[in-house]
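Visitor: Could you work out the structure for the sequence below:
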Amino acid sequence: METISKPPKPVLSLPWKTRVGLSVIATFTDASCRKNGSVNRRLLNLFDFRTPPSSKPINGVATHDVIVDKSRNVWFRVFVPTNENNITSDLPVIFFYHGGGFVFLAPDGVAYDAVCRRFARKVGAVVVSVNYRLAPENKYPAQHDDCFDVLKFLDDDENRKKFLPKNANLLRCFVAGDSAGGNLAHHVALRACEFNFRHVKVIGAVVIQPFFGGEGQTDSEIRLEGTPLVSKKRTDWMWKAFMPQDKDFNRDHPVINVSGPKAVDISKMDFPPTVVVIAGFDALCDWQKRYYEWLKKSGKEVYLFEYPNMCHAFYIFPELPESAQLIGQIREFIHKVSSKIGN
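Guide: Numbers count the residues shown, from 1 in each chain. Predicted coordinates:
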């Protein structure tokens with residue numbers, strides 16, 4: 001009897017430094033996720049190194065932290081580029097939301113401090129990196145509320161003048177994030193469409209490998225099981241940590257399955273131009289492609305940046321040439337969209 005062999009699993013080729021970094025992240029993430037649905041934050045603190053703000057520029061960028069609501073631990077870190085061109089020019093503002101499955105990480109973590117510093121320096125923008133409440137201690141919609149509240153906080157004239165540099169142009173705002181932060185960026189942009197801001201205008205979204213999902217599994221989730229960071233076990237745990245205790249709330253809720261059966265109709269909304277970033281070795285890529293197609297079908301201006309040989313969260317590793325390439329593409333997008341907007 002002739003046997004039909006299964007196609008070989010795709011092979012991801014990465015530098016040893018990147019492989020070690022991904023392995024460390026996966027190991028500590030898995031070890032900190034308890035079976036009872038809680039997180040061992042004490043264990044996480046053993047490798048979750050933090051970077052303090054610095055008014056003295058580091059790599060051409062100065063930083064400071066701003067508290068929005070101490071009771072909720074909502075705050076943000078501002079990254080201000082300090083080279084001569086950026087001091088004299090009118091700068092767009094990027095509201096950035098970190099990844100971590102809504103459960104892990106923070107703006108002052110080493111990786112995201114470095115990422116936002118690169119965005120500020122290489123894009124030429126003021127970056128506002130938001131610290132939002134984490135699951136499972138805080139269920140949805142805590143994360144989305146916190147991120148949107150920062151926009152409202154800086155829409156206040158007094159707060160804007162006090163905490164942002166004079167050349168930060170809030171008429172040229174972008175929302176951006178990776179993984180869970182990509183989910184947040186989409187939903188903050190959606191809320192902004194229906195909110196009457198006085199000074200803030202969201203003109204673009206950068207959605208990097210967004211953490212979307214739905215009932216059932218996609219082909220990429222099955223085919224790419226075992227690739228770095230994203231696995232069925234981890235995503236199942238994170239969605240359960242994130243979802244409220246409501247029997248009617250499942251993974252086809254539009255906050256998770258953005259383009260699914262309960263999707264919000266955005267066809268008549270002024271949804272901003274959007275970049276969607278996808279990697280070929282990211283098990284979530286099918287959900288992300290559906291999101292791109294949904295935006296396009298809804299008549300929105302959308303751009304797809306594909307990295308077929310990369311995995312989830314690749315761009316946080318500066319040793320990868322693709323990381324610099326992506327930041328360059330995002331810079332072009334931001335400046336293209338900004339150039340269409342008057343002061």
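Visitor: what helix or strand is residue 296 on?
Guide: helix 285-297 (DSSP states H and E).
Visitor: all helices for the stretch 201-343 of the chain, in order.
Guide: 219-223, 232-242, 285-297, 321-338 (DSSP state H, counting those that start in this stretch).
Visitor: which one of these lies closest to residue 40?
Guide: helix 232-242 (12.9 Å; Cβ to Cβ). Every residue, glycine included, has its C-beta placed from N, CA and C.
Visitor: what separates that closest one from the chain centre, distance-wise?
Guide: 17 Å (Cα atoms, centre = their mean, to the nearest Å).
Visitor: Report the buried residues of it.
Guide: 234, 235, 237, 238, 239, 241, 242 (16 or more other Cβ atoms under 10 Å).
Visitor: what does that helix contact?
Guide: 29-30, 33, 37, 39, 101-103, 135-136, 139-140, 143, 211, 213, 217, 221, 225, 251, 256, 284 (Cβ atoms under 8 Å, 6 or more residues apart in numbering).
Visitor: The same query, at a cut-off of 7 Å, please.
Guide: 29, 33, 37, 101-103, 135-136, 139-140, 213, 221, 225, 251, 256 (Cβ atoms under 7 Å, 6 or more residues apart in numbering).
Visitor: Return the members of those residues classed as buried.
Guide: Buried among the contacts of helix 232-242 by 16+ other Cβ under 10 Å: 29, 33, 101-103, 135-136, 139-140, 213, 221, 251, 256.
Visitor: Going by distance to residue 46, which of the residues you listed wins?
Guide: Checking the buried ones among the contacts of helix 232-242 against residue 46 by Cβ to Cβ gives residue 29 as the nearest, at 12.6 Å.
Visitor: tell me the SS of that closest one?
Guide: helix (DSSP: H, G, I helix; E, B strand; the rest coil).
Visitor: Name all residues that make contact with it.
Guide: Per Cβ under 7 Å, 6+ apart, neighbours of residue 29: 104, 234.
Visitor: Now with 8 Å, please.
Guide: By Cβ under 8 Å, 6+ apart, the neighbours of residue 29 are 104, 229, 234.
Visitor: okay, the residues you listed in a markdown table with pLDDT and distance to residue 339 next?
Guide: Converted to a markdown table, the contacts of residue 29 look like this (pLDDT from 0 to 100; distance: Cβ to Cβ, whole Å):
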| residue | pLDDT | distance to residue 339 |
| --- | --- | --- |
| 104 | 97 | 36 |
| 229 | 94 | 35 |
| 234 | 95 | 40 |
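Visitor: ok, those vs residue 74, which is closest?
Guide: Nearest to residue 74 among the contacts of residue 29: residue 104, at 17.0 Å, using Cβ to Cβ.
Visitor: who's in contact with stretch 266-278?
Guide: Contacts of stretch 266-278 (Cβ under 8 Å, 6+ apart): 178, 182, 186, 189-190, 193-194, 202-210, 285, 288-289, 291-292, 295, 298-307, 315, 326, 329-330, 333, 337.
Visitor: can you dump the C-alpha coordinates of that stretch into CSV?
Guide: In CSV, the C-alpha atoms belonging to stretch 266-278 read as follows (Å, rounded to 0.1, in the frame of the first residue of the first chain):
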residue,chain,number,x,y,z
ILE,A,266,-16.6,50.4,9.3
SER,A,267,-17.5,51.0,5.6
LYS,A,268,-19.0,54.4,6.4
MET,A,269,-16.5,55.4,9.1
ASP,A,270,-13.6,57.6,8.6
PHE,A,271,-11.2,54.9,9.6
PRO,A,272,-7.6,56.0,9.1
PRO,A,273,-5.0,54.6,6.6
THR,A,274,-3.6,51.5,8.1
VAL,A,275,-0.4,49.4,7.8
VAL,A,276,-0.7,45.7,8.5
VAL,A,277,2.5,43.7,9.2
ILE,A,278,2.5,40.0,8.7
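Visitor: Which positions in it come out as buried?
Guide: Buried residues in stretch 266-278, counted by 16+ other Cβ under 10 Å: 266, 271, 272, 273, 274, 275, 276, 277, 278.
Visitor: before we move on, what about stretch 293-301?
Guide: 294, 295, 298, 300.
Visitor: what's the answer for stretch 94-113, then?
Guide: Buried, per 16+ other Cβ under 10 Å, within stretch 94-113: 94-109, 111-113.
Visitor: now do stretch 310-326
Guide: For stretch 310-326, by 16+ other Cβ under 10 Å, it's 310, 311, 312, 313, 314, 315, 316, 317, 320, 323, 326.
Visitor: which residues touch it?
Guide: Residues contacting stretch 310-326 (Cβ under 8 Å, 6+ apart): 12, 14-15, 17-18, 21-22, 25, 99, 111-112, 114-115, 118, 178-179, 208-209, 227-230, 277, 279-284, 305, 307, 309, 327.
Visitor: Tell me which stretches of the stretch 51-200 of the chain form helices.
Guide: According to DSSP H, counting those that start in this stretch, the helices that the stretch 51-200 of the chain contains are 84-88, 110-118, 142-155, 157-163, 180-193.
Visitor: Turn these into a markdown table, including mean pLDDT and distance to residue 54.
Guide: Compiled in a markdown table, the helices of the stretch 51-200 of the chain are given as follows (pLDDT from 0 to 100; distance: least, Cβ to Cβ, whole Å):
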| stretch | mean pLDDT | distance to residue 54 |
| --- | --- | --- |
| helix 84-88 | 66 | 17 |
| helix 110-118 | 97 | 10 |
| helix 142-155 | 98 | 21 |
| helix 157-163 | 97 | 16 |
| helix 180-193 | 98 | 23 |
